[in-house]
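1. Next come a sequence and a model predicted from it.
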Amino acid sequence: MAIALSTIMFKNKWTSADRSAAKTAGIMGIMGITEGAIPFVIADLKHILPSTITGCIVAAVIASLTGVTSPVPHGSFITLPMVSGKVGFVVAIVVGTIVAAVMMGILKKPIEQDKVKKVEEKA
C-alpha cells in the first residue's frame, strides 16, 4: 500500500511502469498480500526496504499503544472484522502506510525522464 501511495505522491521518483505495477501491489496490500512489494524491493533494496520496515514499526507501535489485538496471524484491512481495537488498527495501518510512502519519496532520487523514455521504448 505504501509503494502505491508513494507512486501517487512522488510521481517523479517512479517510472510509469512502476506506477502501473504499484496499482496492483496496492490492491494486493489492502487484501493483506505482501508479495506485490517483492519486485519493488528487489529492484531498489536500499530505499524500499528501510521505508517499509520503518512504516511497519510505526504501525506496530500505534497498534500496541491503542491496545489492538488480533486472533489471526495475518493483517491488513481484510482482517478488520476479527481484530479488537478497530479504530487503532485502521489508524496504525494508515499512518504506517503514509510514513513508509513519504520515506520512499524522500530516499528515492528523481527519475531522469530521458533515460526512462529510452528504457520504455526498448520494452
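-> Yep, that arrived.
2. number of nearby residues for residue 14?
-> Neighbourhood size, residue 14 [other C-beta atoms under 10 Å]: 25. No exception for glycine: its C-beta is placed from N, CA and C like everyone else's.
3. hang on, it packs against residue 21?
-> No: look at residue 14 against residue 21 with C-beta atoms under 8 Å: they stay out of range, at 9.4 Å.
4. Need the residues touching each of the two.
-> Common contact partners of residue 14 and residue 21 (C-beta atoms under 8 Å, 6 or more residues apart in numbering): none.
5. so where do the helices sit in this structure?
-> In the chain, the helices defined using DSSP state H lie at 2-9, 16-30, 38-43, 45-65, 86-107, 113-122.
6. Please identify the most buried of those helices.
-> The highest mean neighbour count among these, using mean count of other C-beta atoms under 10 Å, belongs to helix 2-9: a mean of 23.
7. who touches it?
-> So helix 2-9 is in contact with 13-14, 18-19, 22-23, 25-27, 29, 36-37, 40, 48, 51-52, 55, 96-102, 104-105, 108, going by C-beta under 8 Å, 6+ apart.
8. Same question for stretch 88-105.
-> For stretch 88-105, contacts defined as C-beta under 8 Å, 6+ apart pick out 1-3, 5-6, 9-10, 13, 47-48, 50-52, 54-60, 62-63, 65-68, 70, 75-77, 80, 83.
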